[in-house]
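Undergrad: below are the sequence and a predicted model; questions follow.
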Amino acid sequence: MATVRDIEIRDSATQAAQAAEELQDTVGEKMVLNMGPSHPATHGVLRIVLELDGEIITKADPDVGYLHRGDEKIAENMTYTQFIPYTDRLDYLAPLANNVAYALAVEKLLGIEKDLPLRCQYIRVMCAELARISAHLLGLGAFAMDLGAVTVFLLTFTEREKIYNLAEAICGARFTTSYTRIGGVMRDLPPTWLDQCRQFCDEFIPALEEVETLLTRNRIWVDRVRGLAVISKDDAIDYGLSGPNLRGSGIEWDLRKNQPYLCYPDLAFDIPVGSVGDCYDRYLVRMEEMRQSVRILEQCIRKIPGGADNKTKEPVSVADGKIVLPPKQNVMTKMEELIHQFILVTQGMNCPPGEIYFGHENPKGELGFYINSKGGGTPYRMKIRSPSFVNLSIIPKIFPGCLISDTVAILGSLDFVMGECDR
Amino acid sequence: MPALELAQKIKAKFGDLISEPADFRGEVTLKIADAEKIVEVCRYAKNDLDFNYLVDISSVDNYGDDPRWTVVYHLRGLRHGGELRLKTDVSEEKSELPTVTTVWQTANWHEREIYDMMGIRFHGHPDLRRILMWEGYPYFPLRKDFPLAGKPSDLPGVAFTKLAPLEGGPFVTVPGGEDAIHREPRVRNPEQ
């Protein structure tokens, strides 16, 4: 995808100044328009207070927090394992990726991330990549639908449905998966799952090609998104953007490559980056990331230890009974396992005192957990660094100078989730 | 490990202001003795040591201890890939420290969130308003002395005036209870 394009970059600040100058004589006072919190283009409950001069935005003030549930407070009052279902509800378009991120953070605190069985690592990588495809498909579908291309939405949702089926097959839930456990995963893959996943990969690429033919060279689409809301490299770093929004601005930073975790070092994949940093680049980056995710999935299907039916009985959790619940059979027959089970359920695993931060490359960007532990089964303080929250903070910088109708395109290209932003 | 070397450089530059680097799970933490100096240290880290990316700012309430607040900065250099954690303590009487929005723009919303959740103020911040809770909310919910069930505020307890379809049923939340525990159907007295 290394195409180089020469376009005239619209610097939003000078554009706003120019527009203000041109209209100074003719226009009276500015108008304040409330966009959201329930507006189809705000993808949830984002509210933006727009100050308008005619149709041109002169000031934008995002107002977040309508979905605030106090997840960080809740986390301080329960064991580490009990918090897993809450992570489903952070980025609710990619619950599997959140589960993986959270489990890895607690495992880093425990110091067991190197002990994870290889099969578990591969399963988690597949979960994270399926979640990435699923989240990008929704982001793309909603982005295109907001700009009038409803067909894309239907195509992407057909593919998302298959990912939900895969999620249902591994954990019984389509949406609120809670699949990972601290030190492993809830249960092993069902024997037919790898075949289903392979079939999905085979069907997905042609579907993505179809979406691509509908959008990438579509004149209406390109005119709406190209050159819009350009984020320079320096701004992207200064505002702490992450994920496809950071890479769309041309910065090659991906936690899967730069701070590798799980079995990502064993897998071959590329990091797409944009060249201009406009909405079109962010769209192209997401398209290519989905292809790379399929590439990762195909390698995982080939290389996963134990294969489809796990005849060799590869473990999917660490063997430590003080971290992972022992097998039920042993709990019923052995004293030690009974004690472990009892302590794990009532008090949680005994984490060492200390503080860690773990950042995971989620579909939306870097989902980080800062855990401050004073020992014992509950965190003393857990801060969730959510990518959508940080990505949205650039709105006051990029909105001025754009038209009202551009807001839907920009919001679509930023691809945020309010459940994660407001926590 | 490049992070440790970079931490030693900060230590060498600022001397007694900075604690010895602590290493836990491969992460390096430096403690800054005077919260007022945080901007200087951050600016040095950004300009001279290339920590160009501020990942996150968090806050910890050490309830019962003095000083009460700890503010935690998580720095990263995208070019060298090193990471560093800076910590500084703020006393409850003061509850204020300088903003680092002048160093990284992204600190803006992180600091607003800390003000909103913990009530620590940042002087010099361009727009220190609440961000997740609404303007005029009287409490700081992430403080350890704030109960998990919440406290009554001037928001109306009853959202709807008409009877809900299942009101009074076994699993229906009771409207208008003073906090989340009183609204919870499972604690309802069966005789009621």
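TA: Arrived safely, thanks for sending. Residues are numbered from 1 along each chain as shown, chains lettered A, B, ... in the order given.

Undergrad: next, A:T407: phi, psi?
TA: A:T407 adopts backbone torsions of phi -60, psi -40, taken as degrees, to the nearest 10.

Undergrad: count of residues packed around it?
TA: A count of neighbours around A:T407, defined by other Cβ atoms under 10 Å in any protein chain shown, yields 23. Yep, even glycine has a C-beta here, placed from its N, CA and C like the rest.

Undergrad: so who does it touch?
TA: With contact set as Cβ atoms under 8 Å, 6 or more residues apart in numbering or on different chains, A:T407 has these partners: A:M35, A:A41, A:I48, A:L50, A:I57, A:F399.

Undergrad: for ChimeraX, what selects the buried ones among those residues?
TA: If you want just the buried ones from the contacts of A:T407 in ChimeraX, going by 16 or more other Cβ atoms under 10 Å in any protein chain shown, the selection is:
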select /A:35,41,48,50,57,399
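
Undergrad: pull the most distant pair out of the contacts of A:T407.
TA: Farthest pair in the contacts of A:T407 (Cβ to Cβ) is A:A41 and A:I57. Separation: 13.9 Å.

Undergrad: so, in contact with chain B or not, the lowest-mean-pLDDT helix or strand in chain A?
TA: The helix or strand of chain A with the poorest confidence is helix A:12-23; it has a mean of 72 (mean pLDDT, DSSP states H and E). No. Shown here: helix A:12-23 not in contact with chain B (Cβ under 8 Å from any Cβ of the partner chain), separated by at least 14.4 Å.

Undergrad: chain A contacts on chain B?
TA: By the rule Cβ under 8 Å from any Cβ, the part of chain B lying against chain A is B:24-25, B:27, B:29, B:52-56, B:58-61, B:72, B:74, B:78, B:81, B:83, B:85, B:104-106, B:108-110, B:113, B:117, B:130-134, B:141-142, B:146, B:148.

Undergrad: now which of the residues you listed would you call buried?
TA: Neighbour-count burial (16+ other Cβ under 10 Å) is assigned, among those, to B:27, B:29, B:52-56, B:58-61, B:72, B:74, B:78, B:83, B:85, B:104-106, B:108-110, B:113, B:117, B:130-133, B:141-142, B:146.

Undergrad: for chain A, give me its nearest residue in chain B.
TA: Residue of chain B nearest chain A, by Cβ to the nearest Cβ: B:T106 (3.2 Å).

Undergrad: can you classify the residue lying closest to that residue once chain neighbours are set aside as helix, strand or coil?
TA: Nearest residue to B:T106 in three dimensions, chain neighbours excluded: A:G240, at 3.2 Å (Cβ to Cβ, 6 or more residues apart in numbering or on different chains). Under DSSP: H, G, I helix; E, B strand; the rest coil, A:G240 falls in the coil class.

Undergrad: counting contacts, what elements does the helix or strand following the least confident helix or strand of chain A pack onto?
TA: Heading C-terminal from helix A:12-23, the first helix or strand you meet, by DSSP states H and E, is strand A:31-35. Applying 3 or more Cβ pairs under 8 Å, 6 or more residues apart in numbering or on different chains; DSSP states H and E, one finds that strand A:31-35 contacts strand A:47-53.

Undergrad: closest residue of chain A to chain B?
TA: Distance from chain B to each residue of chain A (Cβ to the nearest Cβ) is smallest for A:G240, at 3.2 Å.

Undergrad: so what's the residue count around that residue?
TA: 28.

Undergrad: got it, and A:L255?
TA: Neighbourhood size, A:L255 [other Cβ under 10 Å]: 20.

Undergrad: gap between it and A:G184?
TA: 22 Å (Cβ to Cβ, to the nearest Å).

Undergrad: in chain B, what helix or strand scores lowest on average pLDDT?
TA: Lowest mean confidence among the helices and strands of chain B (mean pLDDT, DSSP H and E): helix B:180-183, at a mean of 76.

Undergrad: circling back: same list (the contacts of A:T407) but as JSON lines, adding pLDDT.
TA: Shown next, in JSON lines, are the contacts of A:T407 (pLDDT from 0 to 100):
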{"residue": "A:M35", "pLDDT": "86"}
{"residue": "A:A41", "pLDDT": "73"}
{"residue": "A:I48", "pLDDT": "90"}
{"residue": "A:L50", "pLDDT": "90"}
{"residue": "A:I57", "pLDDT": "89"}
{"residue": "A:F399", "pLDDT": "89"}
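
Undergrad: helices along the stretch 151-300 of chain A, start to end?
TA: Here the stretch 151-300 of chain A has its helices, by DSSP state H, counting those that start in this stretch, at A:193-215, A:219-225, A:233-238, A:244-248, A:255-258, A:279-303.

Undergrad: before I go, just wanted to say thanks for your time.
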